[in-house]
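[1] Predicted model and sequence follow; I will ask about them next.
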Amino acid sequence: MAAHTRSAVRAVRLAAVAAAFTLGAATLAAHADELSEAQQRGKQIYFEGTSPRGTEITAVVGDEAAVLPGSTMPCSSCHGSDGLGRPEGGVTPLDIRWSELVKTYGHVHHDGRRHPAFDDDSFIRSMIAGIDPANNPMDRSMPMYQMSGEDMADLVAYMKVLEFDVDLGVTDDAVRVATLLPMSGRAGETGNAMRIVLEGYFNDINEAGGVFGRRIELMTVPMGQSPEASLGILRDAFASEGFFALVGAYSVGLDDALLTYLRSDNVPLVGPFTLDPGDAYFDAAAFYLFAGLDQQARVLADRAIADGAAAGEVLIAGPAGGRLESLTGAARQQVRGKGGEGEPAVVNWEPGSFDAAAFADDLAEAKSEALLFFGAQDELDALLAEFAKRGEAPRIYLLSSLTARLLTDLPPLFDGRVFLAYPTLATDVTAKGREKYQTLAATYSLPREHIQAQLAAFAAAQLFVEGLRKAGRNLSRVKLVEGLESLYEFDTGVTPPLSYGPNRRIGAQGAHVLVLDVENKTYQPVGDGWFEMK
């Protein structure tokens, strides 16, 4: 062994031993969520071949001793995300899990080479000089790495927990995901249609080679008879099978509870099908397709101001208590921020006690030019009948999700006076998107019903696959989240363009606004139809 190599090993060993040797057997039980700072730095070196400290890492390769940047040959490129190593191109990388390296009886390799167990010192020597603990030359396909003592210390620290630092559901050749869908009852047909879409799309991806060689394995988890039962079934599935992410799940009515559960294990939620994500997604790894009711209410507030109403001329109304009252608060905040001087009026009533005549009196007294109404359909019908009786028609702004029937039978008095916000419309489907969906439908015999749910599942599957591609070969939940956060105006062909970021979890953060055309008994887009929430 050359003198300069011995000196290098000795210098590196002094830096590494203090940080890594004390990581005894107990450290092997460390979970990925509990990596120390040194282990996190070592993880970057293992997976990316770059130093978090900004120092140089190089790889010396082959008999010609070609010197390449470490990033071109990170450890993970041959040994995999779990350290097991898989044969490729005639080369069989070693199993470098620490529990394997330190086996007390040593190792005998397929070429007859023998050596005792590794320790910190001999592992460092193998990295720098390409020799095993018995001073035998190692296979020349194994690069020799040059890096600082601090970086080597970090790498050794991570090597000791590598085999335990894995996200459930990920191997080098597969990624297991789950979806939560109703498989029986009233929504059973919807859930089954979504399942076929997800399975079909992922099957097409797998037949084309997967994503970085990984096939996508989908596990469908059936919903229970209640939100509590559904979460219980999901917990059992996660405990018994493990899955990397939840994709295209039917989360209507259990968004908050679902996010609370997934947050505890940092499981990403990609493209769930829901009417309203609520507000629990802000600190979760959740990526929604469409705006929730709060965001749509804010779009309506912006529209009312754009239509000429000052803040003091807007009345916001809805039942007291629960989710709907929060909509009045969101709209009020938006109007105050955009409507100039004055304060919007807010009216709430106890559920079941709405008085249309008294409300119409309050509206007239407040001299309101615009009404943002978040009541139930029967309350809206009573109010519209009262307005018709009085011959009054203020501009009324509604959420389509709260409107249970078309309003095209209203009298001419309401022409151009009723506005509705929609998170998505059929016009979001492009010619290319329609062709892609129709091909999928023909291949997998998709049902003709529940088209909106099918399109949402189709978009969710595309979103997840694009996130995998952005995450790269060295897949982890953190990298998936980072990949999804990097998407800007991602085109699914069946939704508005989707954009995400560290502080943005709704892809299409806005709404379509349509206005009632009484004469033609239809709704017409206002302007270009789409309003981004600002």
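    Alright, I've got the coordinates. Numbering: from 1, shown residues only.

[2] Figure out the length between the terminal residues of stretch 423-439.
    For stretch 423-439, the first and last residues are 25 Å from each other (C-alpha to C-alpha, to the nearest Å).

[3] Mind listing what's buried along that stretch?
    By neighbour count on 16 or more other C-beta atoms under 10 Å, the buried set for stretch 423-439 is 423-425, 428-429, 433, 436-437. Quick note: C-beta positions are derived from backbone N, CA and C, even for glycine.

[4] can you redo these as TSV with distance to N520, secondary structure and pLDDT?
    What follows is the buried residues of stretch 423-439, written out as TSV (distance: C-beta to C-beta, whole Å; DSSP: H, G, I helix; E, B strand; the rest coil; pLDDT from 0 to 100):
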residue	distance to N520	secondary structure	pLDDT
P423	24	coil	92
T424	22	coil	92
L425	17	coil	91
D428	22	helix	93
V429	22	coil	95
G433	27	helix	96
K436	32	helix	96
Y437	28	helix	96
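
[5] Which two of these have the greatest separation?
    When C-beta to C-beta is used, the two most widely separated members of these are P423 and K436, lying 21.0 Å apart.

[6] who touches G70 in this structure?
    For G70, the contact set (C-beta atoms under 8 Å, 6 or more residues apart in numbering) comprises 45, 49-50, 57-59, 145, 147.

[7] rerun at 10 Å
    By C-beta atoms under 10 Å, 6 or more residues apart in numbering, the contact set of G70 is 45, 48-51, 56-59, 143, 145-147, 151.

[8] would you list every one of the strands in the stretch 201-350 of the chain?
    Shown for the stretch 201-350 of the chain, the strands assigned by DSSP state E, counting those that start in this stretch span residues 215-222, 245-247, 269-270, 286-290, 314-319, 345-349.

[9] Run the chain-centre distance for the second one.
    Taking C-alpha atoms, centre = their mean, to the nearest Å, the mean C-alpha location of strand 245-247 is offset from the chain mean by 8 Å.

[10] pLDDT (mean, whole number) over it?
    For strand 245-247, the per-residue pLDDT values average out at 94.

[11] Could you do the third one as well?
    Confidence over strand 269-270, taken as the mean pLDDT, stands at 93.

[12] Run through the protein and note the low-pLDDT ranges.
    Counting by pLDDT under 70, the chain has low-confidence residues at 1-33, 86-90, 264, 278-283, 339-340.

[13] Report the residue ranges of every domain in the chain.
    Domain assignment for the chain, taken from automatic domain parsing, gives 3-164, 174-290+452-499, 294-422+512-532.

[14] and those as a markdown table, adding distance to A441?
    A markdown table is the format used below for those (distance: least, C-beta to C-beta, whole Å):
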| stretch | distance to A441 |
| --- | --- |
| domain 3-164 | 36 |
| domain 174-290+452-499 | 8 |
| domain 294-422+512-532 | 23 |
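
[15] And those domains: which comes nearest Y444?
    Each of the domains of the chain was scored for nearness to Y444 using C-beta to C-beta, and the closest is domain 174-290+452-499 (3.7 Å).

[16] buried sites along stretch 165-177?
    Residues of stretch 165-177 classed as buried: 165-172, 175-177 (neighbour count, 16+ other C-beta under 10 Å).

[17] cool, stretch 66-80 as well?
    70, 73-80.

[18] Just the CA atoms of it, as CSV, please.
    These are the backbone C-alpha positions of stretch 66-80, laid out as CSV (Å, rounded to 0.1, in the frame of the first residue of the first chain):
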residue,chain,number,x,y,z
ALA,A,66,-10.0,8.3,-15.3
VAL,A,67,-11.1,11.0,-12.9
LEU,A,68,-14.8,11.9,-13.1
PRO,A,69,-17.0,14.0,-10.9
GLY,A,70,-18.6,12.0,-8.1
SER,A,71,-22.0,13.0,-9.4
THR,A,72,-21.5,10.8,-12.5
MET,A,73,-21.0,7.7,-10.4
PRO,A,74,-22.8,8.0,-7.0
CYS,A,75,-22.8,4.9,-4.9
SER,A,76,-26.6,4.4,-5.4
SER,A,77,-26.2,4.1,-9.2
CYS,A,78,-24.7,0.6,-8.8
HIS,A,79,-25.7,-0.5,-5.3
GLY,A,80,-29.3,0.8,-5.4
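
[19] Good, we can wrap up now.
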